[in-house]
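# Next one to model:
(chains A and B)
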2 protein chains.
Amino acid sequence: MMHSILPRQALRLLHTVSPPSSSSSSLSITAVTAAATTTRRAISSSQLSIDPLTSDQLNSLHSKLPPKETLKFGKTFAPHMLQIYYNKEKGGWQSPTIVPFQDLKLSPASAALHYGLECFEGMKAYKSINDESDLRLFRPELNMKRLKDSMARLAMPGFDFDPQELIHCIGKLVRLDQDWIPSGKGYSLYLRPTVIATHPYLGLSPPDELLLYVITSPVGPYYASGFNPVRLTTDNPYVRAWPGGAGASKVGGNYASTIMPGALANARGYSQILWIFGEDEHVTEVGAMNVFFLLEKENGNRELVTPPLTRGDILPGVTRQSILELTKTWGEFDVVERSITMPEIQDVGSRGRLIEAFGAGTAAVVTPISAIQYKGQDIEIDAPGDLTKRLFSDLMDIQYGEVEGPKGWSVRI
Amino acid sequence: MMHSILPRQALRLLHTVSPPSSSSSSLSITAVTAAATTTRRAISSSQLSIDPLTSDQLNSLHSKLPPKETLKFGKTFAPHMLQIYYNKEKGGWQSPTIVPFQDLKLSPASAALHYGLECFEGMKAYKSINDESDLRLFRPELNMKRLKDSMARLAMPGFDFDPQELIHCIGKLVRLDQDWIPSGKGYSLYLRPTVIATHPYLGLSPPDELLLYVITSPVGPYYASGFNPVRLTTDNPYVRAWPGGAGASKVGGNYASTIMPGALANARGYSQILWIFGEDEHVTEVGAMNVFFLLEKENGNRELVTPPLTRGDILPGVTRQSILELTKTWGEFDVVERSITMPEIQDVGSRGRLIEAFGAGTAAVVTPISAIQYKGQDIEIDAPGDLTKRLFSDLMDIQYGEVEGPKGWSVRI
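This next block holds a predicted model:
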């Protein structure tokens, strides 16, 4: 099996290859080359225009906002949204606009609705604990980089936008709707940058028209009353991603195929699937999160393990990367990106050397794992463990501005 | 690696399993069970209502229809579309409506735009050569079965609709827009049934709201002036589908991840990718078509080979199935569904025993293959071959009502 090449690298190859003078394919060479060519019109935050609701409209909406304790993830949305259209004929990215949250008008032939040409990010905006007017994002550059990579993987044009320009536009949106950021530790405004292909064409080709939009949703703590450890299962015939697929990109199709298997696992009493891969049963992800294991080695040393990104079947999570970087600075145990298989987990579990396991992602920060079903048997794990609790606390302290984290982690907007 | 189980089988399992009384997952057991439960309100063609354009509007649109010789696939759409909403709170499928072709109004939080919860079909409506008022579909029951399977794979509710009811609604749509079916062999109205999750919820769960819609597009012959054989490449690091994924279903994500690799192959002078899988380099599909090889065996007998559906990584094509059934009735050569690897194709190619190769799909019927790049070398194949031409002709004769095919293949609407 050949190794995956990075999509941006791949798309850049198009510049170094002379297209043949003719092709029998229905896929137009011109379209491909245009899609990969540097965008003529860039995303420019200085061109941002805002069409806000009136104060009366905002007050009326705010009065209907559910009490923050009752917010459900992803069901309530703030009053405005950011929209940036890409149109090849009009020269690339159009002027960003902030408009009231509203239905999109999409051609029923839009490529996003047929061929899954869609990618997204998950981010949060936080109110600092000590100063509610101090609004923060957490490592937004990493989300921007991943969004650009996802767009390139989908052959979307315009993926070479300047991340700072989009972050600046997102900052304006968050500021405008700051009354929808609930106060208090654990509360935040969940941000959902999304790019969809609006090109109304049923042929299979790189799209000429896109809509990049950002909607936002006030959310409460994932664990309202203390940690709620999850029980996982590996016993299912489904596979989330594959080397050479799109598993390292945050694209719609990765999620579509996991929902039915997840629902079946749920009906059997397991919260999430621990996704494994291949004959030797590598662990890859848990549900839609990255996964970590704290092990005790034969020599008594401890090792924090997460699967590596090298096979191209694991999403490069922002929380994942932050946990790796943070724990390395501690210097208290080995921190290793390496393959870990279910037989190894079963083995260390049976010998009392599986100290902790947890998922990592933007929504929950960390999620303690209390059991893993493997070949019909549940491997039980103490949860929540000390490391899980410490990471949860340390990351939140940085996100909410209580502790000054590494440079560039907590970004004022 | 465990084998994939059929999605409908899997969803039915939900009925035989008692949900646990509580679950720590964010995925609601109630939602899962409801999604899998038999729909209370079924799709009913007797409830179809039609909101047509006026004669003047239709005449005006028809005058703008490009000459049939200049039609491009999937760019021109007929004046009306079919819409059927599914809403769990309203009891299931709503009344079908035929309305003017128009933009959809979708919440920016619709699950179809984030998690790829979307599936579709490709079909055609033909005018009989001998009687233009005699409109035909080709084996629509197979498309309906596959659409239902795709919906089940995506945990969409309402997948247990009656295929005949939807075919009846589609028939009404085609009749209404019959002036948009170009006349003549090779011309048709391409039909695109699509199901998208409109549920405005960012959680990962089976959707409660869907829109099933059908848009149609007048198309000309795929090969305007005789066959145009395609050159394929296997030399790329990408993989289309895998066992345990969704490759056997017609879902958006399967296509999203192929567009960038296809564009790169195109820029290197190859029309399509011949998708191979695994260490032993099984052939699976070509571009977005099934693939066939005609080989001469050691004993001089001929064998028509197409990869089997058993691994769950190949789309069960209607043209594929029709070619298998048709050639078996001929009894002129062996017709076999079996794995075929690139080393075998290279071997038979080098010994002059690779007689023909072609892709099979609704858009082009059959597509002759003239070369396959493998490990930097092009394996050349005579194209178009006699079998390719005969299948093209025989299938078209049935589709256009010139020859009475097997029972149920050419369906009057």
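
# So A:Thr258 belongs to a strand, correct?
No: A:Thr258 is assigned helix when assessed by DSSP: H, G, I helix; E, B strand; the rest coil, not a strand.

# would you list every one of the helices in the stretch 151-300 of chain A?
Listed in chain order, the helices of the stretch 151-300 of chain A (DSSP state H, counting those that start in this stretch) span A:163-176, A:252-267.

# got any ranges where chain A has weak pLDDT?
Residue ranges of chain A with pLDDT under 70: A:1-39.

# per-domain residue ranges of it.
If you go by automatic domain parsing, the domain ranges for chain A are A:2-219, A:230-412.

# Out of those, which gets nearest to B:Pro100?
Between B:Pro100 and these, the tightest spacing by C-beta to C-beta is seen for domain A:2-219, at 11.3 Å. C-betas here are computed from N, CA, C, even on glycine.

# where's the closest one relative to the chain centroid, distance-wise?
13 Å (C-alpha atoms, centre = their mean, to the nearest Å).

# what do you get for stretch A:344-354?
Here stretch A:344-354 is found 30 Å from its chain centre; the criterion is C-alpha atoms, centre = their mean.

# buried set for that stretch?
A:344-346, A:348-349, A:353-354 (16 or more other C-beta atoms under 10 Å in any protein chain shown).

# which ones are touching the residue in the stretch 201-350 of chain A that chain B sits nearest to?
Nearest residue of the stretch 201-350 of chain A to chain B, counting by C-beta to the nearest C-beta: A:Gly253, 1.7 Å away. When contacts are counted by C-beta atoms under 8 Å, 6 or more residues apart in numbering or on different chains, A:Gly253 touches A:116, A:246, B:116, B:246, B:251-254, B:256-257.

# quick revisit: tabulate the domains of chain A in JSON lines, adding columns for distance to B:Ala125.
Shown next, in JSON lines, are these (distance: least, C-beta to C-beta, whole Å):
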{"stretch": "domain A:2-219", "distance to B:Ala125": "15"}
{"stretch": "domain A:230-412", "distance to B:Ala125": "29"}
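
# can I assume A:Val411 is in contact with A:Phe138?
Yes: assessed by C-beta atoms under 8 Å, A:Val411 is found in contact with A:Phe138 at 7.4 Å.

# More neighbours: which of those two?
A:Phe138 (25 against 14; other C-beta atoms under 10 Å in any protein chain shown).

# burial measure for the nearest residue to the more buried one once chain neighbours are set aside, as a count.
Distance criterion C-beta to C-beta, 6 or more residues apart in numbering or on different chains; nearest residue to A:Phe138, sequence neighbours excluded, is A:Gln399 at 5.0 Å. Here the number of neighbours of A:Gln399 (other C-beta under 10 Å) works out to 26.

# Same check on A:Val251?
Neighbour tally, A:Val251, other C-beta under 10 Å: 28.

# ok so, going back, against A:Trp330, how distant is the residue nearest to A:Phe138?
Distance check for A:Gln399 against A:Trp330: by C-beta to C-beta, to the nearest Å, it reads 18 Å.

# again, but for A:Val366
Following C-beta to C-beta, the distance that separates A:Val366 from A:Trp330 is 15 Å.

# List the contacts of stretch A:381-392.
Under C-beta under 8 Å, 6+ apart, the answer for stretch A:381-392 is A:227, A:229, A:294, A:304, A:323, A:326-327, A:349, A:354-358, A:365-366, A:368-372.

# for stretch A:291-300, that is, sorry about that
A:274, A:283-285, A:302-307, A:320, A:323, A:333-334, A:340, A:345, A:348, A:352-360, A:369, A:385, A:387.

# So which of those sit within helices?
Judged by DSSP state H, those include A:320, A:323, A:345, A:348, A:387 as members of helices.

# Quick check: the farthest pair among these?
A:Arg320 and A:Val348 (20.8 Å).

# Could you tell me the end-to-end distance of stretch A:341-356?
16 Å (C-alpha to C-alpha, to the nearest Å).

# wait, I meant stretch A:195-215
Terminal-residue distance, stretch A:195-215 (C-alpha to C-alpha): 11 Å.

# residues from the stretch 51-200 of chain A in reach of chain B?
A:72-75, A:77, A:81, A:101-109, A:112-118, A:120, A:152-155, A:190, A:192, A:194, A:196 (C-beta under 8 Å from any C-beta of the partner chain).

# which of the residues you listed count as buried?
Buried, going by 16+ other C-beta under 10 Å: A:73-74, A:77, A:81, A:101, A:104, A:106-109, A:112-118, A:120, A:152-155, A:190, A:192, A:194, A:196, out of these.

# Walking through the stretch 301-413 of chain A, point out its strands one by one.
All strands of the stretch 301-413 of chain A, identified by DSSP state E, counting those that start in this stretch, fall at A:302-306, A:334-337, A:354-361, A:365-374, A:377-380, A:410-412.

# Can you spell out which helices and strands pack onto the last one?
With contacts defined as 3 or more C-beta pairs under 8 Å, 6 or more residues apart in numbering or on different chains; DSSP states H and E, the secondary structure elements packing on strand A:410-412 are strand A:135-138.

# can you do 10 Å?
strand A:135-138, helix A:163-176, helix A:386-399 (3 or more C-beta pairs under 10 Å, 6 or more residues apart in numbering or on different chains; DSSP states H and E).

# before we move on, back to that, could you find which two of the contacts of A:Gly253 are furthest from each other?
Across the contacts of A:Gly253, the two members that end up farthest from each other (C-beta to C-beta) are A:Ala246 and B:Val251, 13.0 Å apart.

# so what sits against both of these two?
A:116, A:252-253 (C-beta atoms under 10 Å, 6 or more residues apart in numbering or on different chains).

# For A:His199, the count of nearby residues, please.
If we define neighbours as other C-beta under 10 Å, then A:His199 has 25 of them.

# what sits against it?
A:31, A:86-88, A:107, A:109-112, A:115, A:117, A:156, A:205-210.

# can you give me the strands in the stretch 151-300 of chain A?
With DSSP E, counting those that start in this stretch, the ranges of strands along the stretch 151-300 of chain A come out as A:188-197, A:209-219, A:230-233, A:272-277, A:282-286, A:290-296.

# Which one, of those strands, ends up nearest to B:Gly269?
Taking the strands of the stretch 151-300 of chain A one by one with C-beta to C-beta, strand A:188-197 is closest: 25.6 Å.

# now the angle from the closest one to strand A:209-219?
Note on geometry: by axes from the mean of the first three to the mean of the last three C-alpha atoms, to 10 degrees, strand A:188-197 and strand A:209-219 are set 160 degrees apart in direction.

# partner strands of strand A:188-197, parallel or antiparallel?
Its sheet considered, strand A:188-197 pairs with strand A:118-120 (antiparallel), strand A:123-127 (antiparallel), strand A:209-219 (antiparallel) by DSSP bridges.

# ranking those by burial, who's on top?
Greatest average neighbour count among those goes to strand A:118-120 (a mean of 29), per mean count of other C-beta atoms under 10 Å in any protein chain shown.

# burial of the residue lying closest to A:Glu325 once chain neighbours are set aside, as a residue count?
Closest residue to A:Glu325 apart from its sequence neighbours, by C-beta to C-beta, 6+ apart: A:Pro406 at 7.0 Å. If you count neighbours by other C-beta under 10 Å, A:Pro406 ends up with 12.

# A:Gln94 too?
Neighbours of A:Gln94 using other C-beta under 10 Å come to 18.

# ok, it - contacts?
By C-beta under 10 Å, 6+ apart, the neighbours of A:Gln94 are A:41, A:43-44, A:47, A:83-87, A:211-212.
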